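Trainee: Here is a sequence together with a model predicted from it:
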Amino acid sequence: MKLLRRILIIEDDPHIGSILKIGLTVEKFEIQIQDDGREGIKQAKTFRPDLVLLDLIMPKADGVTVLKLFKADPELANIPIVIVSAKADEAQRQLVRDLGASDFLVKPFHLNDLMTLIDEWTEL
């Protein structure tokens, strides 16, 4: 069984990014954070994450744009992407699912909720 170990967090709020990094590092994940979506795509090519946590509302390139770019890149298209956002209306959820997001986690959330979701993306 191969566990997900490397997680890239693309989140423009440094406070949220830090909290996620601390919580996931305690759980023994290797974490990298990027506060810019386009830079996150570049970082994914070198870091090779097992999972991406992606915020929707960001400056420069919003999460929907970043999701489209990930899924259009053959090098990155198979990486599961979980949208992490306070914007939780059903239309937005359906849009990101249609674009290839693996799941959606509504902010605020408890670390246990995130760990449950990560466990679901463990590869056998």
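Mentor: Yep, it's here. Remember, it's a predicted structure, so these values are computed and weren't measured experimentally.
Trainee: Show me the shaky parts of this structure.
Mentor: 1-4, 121-124 (pLDDT under 70).
Trainee: Next, name the residue at the spatial heart of it.
Mentor: Leu53 (1.2 Å; CA atoms, centre = their mean).
Trainee: ok, which stretches of this protein are strands?
Mentor: 6-10, 30-34, 51-54, 81-85, 103-106 (DSSP state E).
Trainee: burial of the closest residue to Lys60 other than its chain neighbours, as a residue count?
Mentor: Counting by CB to CB, 6 or more residues apart in numbering, Lys60 lies nearest to Asp36, which is 5.6 Å off, once chain neighbours are set aside. The C-beta positions use only the backbone N, C-alpha and C, and glycine is treated the same way. Counted with other CB atoms under 10 Å, residues neighbouring Asp36 total 16.
Trainee: Could you do Arg93 as well?
Mentor: Neighbour tally, Arg93, other CB under 10 Å: 17.
Trainee: mind listing what it touches?
Mentor: Ile83, Phe104 (CB atoms under 8 Å, 6 or more residues apart in numbering).
Trainee: What of Lys28?
Mentor: Arg5.
Trainee: how close does it sit to Ile7?
Mentor: Plainly put, Lys28 is 11 Å away from Ile7 if you go by CB to CB, to the nearest Å.
Trainee: Can I get stretch 67-85 as CSV, trimmed to CA atoms?
Mentor: The C-alpha trace of stretch 67-85 is given here as CSV (Å, rounded to 0.1, in the frame of the first residue of the first chain):
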residue,chain,number,x,y,z
LEU,A,67,-7.5,23.5,-12.0
LYS,A,68,-8.0,23.8,-15.7
LEU,A,69,-4.2,24.3,-16.2
PHE,A,70,-3.4,21.3,-14.1
LYS,A,71,-5.8,19.0,-15.9
ALA,A,72,-4.6,20.2,-19.3
ASP,A,73,-1.0,19.4,-18.5
PRO,A,74,-0.2,15.7,-19.2
GLU,A,75,2.6,15.8,-16.6
LEU,A,76,0.1,16.9,-13.9
ALA,A,77,-3.3,15.8,-15.0
ASN,A,78,-3.4,12.6,-12.9
ILE,A,79,-2.6,14.3,-9.6
PRO,A,80,-5.7,14.4,-7.4
ILE,A,81,-6.8,18.0,-6.6
VAL,A,82,-9.0,18.8,-3.6
ILE,A,83,-10.6,22.2,-3.7
VAL,A,84,-10.5,23.9,-0.3
SER,A,85,-12.7,26.9,-0.2
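Trainee: Done for today, thanks.
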